[in-house]
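J.: pasting the structure only:
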């Protein structure tokens, strides 16, 4: 019989690409991961991995087994959710991931609602970029997370994660009163092109926010000259207000913009969602967080 924990390792290898990356993510040694995958091959009776240069890749049989592993692990999440539903009350730790602007707005209101309705629940929040949430959920570092994607940076399909939509919001270009350039037209190119030669403020390289900023500028016909890289939109607004550059901010972050900031609405959108492991949506604690987050987003 195939061991579920080894199936999980095979799926992680498929997602993360290298044995070293799997070992680092799960706090194993690379040799331990290799040994467990070798045992899984013996259990399966066919080759699941093959060498490709200095790396190992999945064989067709290995990829087929990963597809079955997705279904098996989803069923286990459903079973865990059903057992949790049989208990009296909702309690215990709930590990929540969030992007920074969600931490300022949606999360506090959601936690207040959870504390009122489910005082035995122990939420634990950590900031994480949306691009890393899937890995964190699969590794068990997170139970649920706020995530987002942007125009120009759609979320890649992921069978290991389920999502519930929260809200869609427009993006704004933040400039100072001194750097504001009056352009003509309301297309993305017409609104951004006048800022091709000024410094830009973006999120850090490797984040979805950074990719969105670069691709939006490229779509407008130029490569942004990036001066500052900060993930916190409040910091980006403060830098923009003193003429240190221009940048993109979502509507959620504009409520307390500094006085000297000029905000120009763009035909560009960000979509926020709640993500959790596939099959985990019926878990009472996750369902309670989803309801609280949706109520907070609606406010």
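T.: Good, I have the coordinates. This structure is a prediction, so every number in the text was calculated from the model and none was measured.

J.: Not counting sequence-adjacent ones, nearest residue to residue 230?
T.: residue 236 (5.5 Å; Cβ to Cβ, 6 or more residues apart in numbering). (C-beta placed from N, C-alpha, C; glycine too.)

J.: Now do the helix or strand encompassing residue 289: which elements does it pack against?
T.: Residue 289 is part of helix 284-298 when elements are defined by DSSP states H and E. Packing contacts for helix 284-298, counted by 3 or more Cβ pairs under 8 Å, 6 or more residues apart in numbering; DSSP states H and E, involve helix 60-86, strand 92-98, helix 106-117, strand 121-127, strand 144-150, strand 161-176, strand 261-277.

J.: before we move on, back to that, what residues are up against the residue nearest to residue 230?
T.: 174, 201, 228, 230, 247, 249 (Cβ atoms under 8 Å, 6 or more residues apart in numbering).

J.: Recalculate using a threshold of 6 Å.
T.: By Cβ atoms under 6 Å, 6 or more residues apart in numbering, the residues touching residue 236 are 201, 230, 247.

J.: Could you report the distance from it to residue 46?
T.: For residue 236, the distance to residue 46 equals 52 Å [Cβ to Cβ, to the nearest Å].

J.: same deal with residue 67?
T.: Taken as Cβ to Cβ, the span from residue 67 to residue 46 is 15 Å.

J.: Now do the residue nearest the centre of the chain against residue 76, distance only.
T.: The centroid of the chain falls nearest to residue 130 when counting by Cα atoms, centre = their mean (1.7 Å). Plainly put, residue 130 is 25 Å away from residue 76 if you go by Cβ to Cβ.

J.: same thing with residue 181?
T.: 55 Å.

J.: likewise residue 170?
T.: Going from residue 170 to residue 76 by Cβ to Cβ gives 40 Å.

J.: Tell me who's in contact with the closest residue in space to residue 294 that isn't next to it in sequence.
T.: Nearest residue to residue 294 in three dimensions, chain neighbours excluded: residue 166, at 6.1 Å (Cβ to Cβ, 6+ apart). Neighbouring residues of residue 166 by Cβ under 6 Å, 6+ apart: 272, 273, 297.

J.: Run a quick neighbour tally on the second one.
T.: A count of nearby residues for residue 273, using other Cβ atoms under 10 Å, gives 22.

J.: is it true that it touches residue 162?
T.: No: look at residue 273 against residue 162 with Cβ atoms under 6 Å: they stay out of range, at 9.7 Å.

J.: returning to that earlier point: pipe the helices and strands packed on helix 284-298 into CSV and attach mean pLDDT and distance to residue 21 per row.
T.: Below are the helices and strands packed on helix 284-298 laid out as CSV (pLDDT from 0 to 100; distance: least, Cβ to Cβ, whole Å):
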stretch, mean pLDDT, distance to residue 21
helix 60-86, 90, 16
strand 92-98, 96, 19
helix 106-117, 96, 29
strand 121-127, 96, 20
strand 144-150, 95, 20
strand 161-176, 96, 18
strand 261-277, 96, 19
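
J.: Tell me which of those lies nearest to residue 54.
T.: Nearest to residue 54, of all those, is helix 60-86, at 18.1 Å by Cβ to Cβ.

J.: what angle sits between that closest one and strand 161-176?
T.: 90 degrees (axes from the mean of the first three to the mean of the last three Cα atoms, to 10 degrees).

J.: mind listing what's buried in helix 60-86?
T.: Applying a neighbour-count criterion of 16 or more other Cβ atoms under 10 Å, one finds 62, 65, 66, 69, 70, 73, 74, 77, 78, 81, 84 buried in helix 60-86.

J.: sorry, back to before: now do the helix holding residue 289 against strand 261-277, angle only.
T.: Going by the same axes, to 10 degrees, helix 284-298 makes 160 degrees with strand 261-277.

J.: Understood, closing this out.
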